[in-house]
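>>> Got a sequence here, can you build the structure:
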Amino acid sequence: KNIAHASAHGRNARAAVRMRQVRPRRHAAAARGGSGRATRRKGGGAAVPMLPLLLLLGTSPVVYFMLRSETPDDAVAPPSAPKRPHPRPRAPPPRPDPRPNKQIADLAERARRERERAKAEPVADVGLPPMYGGPATKPKTLGLERCAAFRSAQGPRGRPAVAGLFNTGTNFLMKLLRMNCDFPDACPAQPHIRVDKDNPYAAEIRIMAEMQLARRNHCSPFLLQVPWGKHNPVDWRGQHAAQGLEGVDVDGVLPVVVVKDPFTWMRSMCRMEYAAKFRHGQAQCCPHPVMKTRTVVRFRRERPPRNYTSIVDLWREWNQAYVDVEFPRLMVRYEDLLFNSQETTKEVCECAGGTMKATFDPIAEGAKGGAGHGYHETGHNVAALKFSNESLRYAHLTDADVAYVLDHAGPLQKTFHYPASISRRRLFGEKRICQPDREKWLNSVGLKTSRDGPVPIDDESDGVVVNGFFFRNPKKPRRPGQIFQAIQKANRAHRGHR
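From the prediction side, this is the model:
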């Protein structure tokens, strides 16, 4: 029995040795993903079971977050984030005051009365003043020698268009041509367009309506201004288009530039400077001192401003640029349009290829008005009396001011016959030098001095308009479009007085 047991043990030991000596086949060690079988590593060694490993890796993050989420009994809660308050609903914008601004309403009503009075009066036959050549002097129109070339090149579709600096009478010339000159191939009138008779922009509205229908009617519309903008420099020609004049051929337009006496023009700029901002001290003595009237003009907001040494240099440089151009153009004096309206208008009309109407309309009422011009209404007769007064021409000026103008105005003074001298100033001008009184001037226009600048004297007023500028009452709430709404309310208020 012992011998049999020993032999069986030996056979088992030998079989175990033989099993350890057998190498496994290579294909049995190949990994089979997802099968759950053991795989052999490339570097040899024991095989790793895949299924338990995958289960461990998949359940570890879940267990980790479960343990983190458990909060012990003695744990301290973190501070909660402060709650953001609910945004309050915005208050509705304040309703516009139904009461019209009294000061603006008074300006509009005064301008309306002045316009009606000027229409009722016949235009007086006042000859050209001696300081501009006398009644026998012909119009000093520059560029008539180029009219034939313009008419032959453009034919019946050529049109005149006004240009000039601010306050030179461009609206006056535009209305003189509109009412007294017929052009071939003209666009038909638009009588169906209703315009309030008290609207100072009635002529402009009808002209714009004709321009909108020009392409449909295949006609040549009357132009309010040169296509590049009547107040813009001439070097903008072909590089800029004024609103409503896009696509107009600049070669088919005859620019008619209005030039004004620099002495009277400076006084007009003191009253309403438009886009030309210049240092002119107090309004009572403007434009004295002329040598300190450094001027910055931003003709368009999207373009850089232009700087001028003085207001006189602006007058010389702007007009001289039109004198130096080679294309056809006319340059007329405002004084000829005012004192010799019919003959000057005829020269411009015939130069552009038009014919004068049988009856001449001298435009008795003010050529410009409304809020955009500060409600300044100057009829034909009033303007003739004002610009024929040589004392007003030299008002507030000193000998040094006159000498500065003569030195900086250049040869244009002789070209357009604008003579001036220190001796004439001493004869017609003021004997004493103007001494500005700021508070007195502010009170004269309804303003007073305050820590915030000029404010209305009347504490109940929304604001005061002075030379086109709106001085708001700081005690009143600020409203968007306040000045525009006030102007609209004033216009609606006095329309019932027709």
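
>>> in the chain, which spans are strands?
Here the chain has its strands, by DSSP state E, at 38-39, 48-49, 159-164, 181-182, 253-259, 276-278, 295-297, 306-308, 330-333, 355-356, 447-448, 455-456, 463-466, 469-472.

>>> Include distance to Ala148 when you put the ones you listed into a markdown table, please.
(Glycine included, C-beta is placed from N, CA and C.) Conversion of the strands of the chain to a markdown table gives the following (distance: least, Cβ to Cβ, whole Å):
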| stretch | distance to Ala148 |
| --- | --- |
| strand 38-39 | 106 |
| strand 48-49 | 108 |
| strand 159-164 | 15 |
| strand 181-182 | 18 |
| strand 253-259 | 12 |
| strand 276-278 | 36 |
| strand 295-297 | 35 |
| strand 306-308 | 35 |
| strand 330-333 | 13 |
| strand 355-356 | 16 |
| strand 447-448 | 55 |
| strand 455-456 | 58 |
| strand 463-466 | 48 |
| strand 469-472 | 47 |
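
>>> Quick one: low-confidence residue ranges for the stretch 101-250 of the chain.
101-120, 190-206, 208-217 (pLDDT under 70).

>>> tell me the contacts of Gly158?
Gly158 sits next to 150-151, 252-254, 352-353 when contact means Cβ atoms under 8 Å, 6 or more residues apart in numbering.

>>> so how far is Lys346 from it?
17 Å (Cβ to Cβ, to the nearest Å).

>>> what's the answer for Glu121, then?
For Glu121, the distance to Lys346 - Cβ to Cβ - is 24 Å.

>>> Next: Arg300.
Taken as Cβ to Cβ, the span from Arg300 to Lys346 is 34 Å.

>>> Compare those two (neighbour count), which wins?
Shown here are Arg300 and Lys346; by other Cβ atoms under 10 Å, Lys346 has more neighbours (17 against 14).

>>> Spatially nearest residue to that one, not counting backbone neighbours?
Spatially, and ignoring its direct neighbours in sequence, Lys346 is nearest to Met356 (5.4 Å; Cβ to Cβ, 6 or more residues apart in numbering).

>>> same check, this time on Asp313
His408 (5.6 Å).

>>> Val312 contacts Val405, doesn't it?
Yes: under the criterion of Cβ atoms under 8 Å, Val312 makes contact with Val405 at 5.3 Å.

>>> Now for the two: what residues contact both?
Counting by Cβ under 8 Å, 6+ apart, the contacts common to Val312 and Val405 are 262, 290.

>>> Span of stretch 218-225 from start to end?
From its first residue to its last, stretch 218-225 covers 20 Å (Cα to Cα, to the nearest Å).

>>> In that stretch, which residues are buried?
219-225 (16 or more other Cβ atoms under 10 Å).

>>> Surely Gly229 is in contact with Trp236?
Yes: between Gly229 and Trp236 there is a contact at 6.7 Å, judged by Cβ under 8 Å.

>>> Who are the contact partners of the residue nearest to Lys346?
Counting by Cβ under 8 Å, 6+ apart, Met356 has contacts 180-182, 345-346, 349-350.
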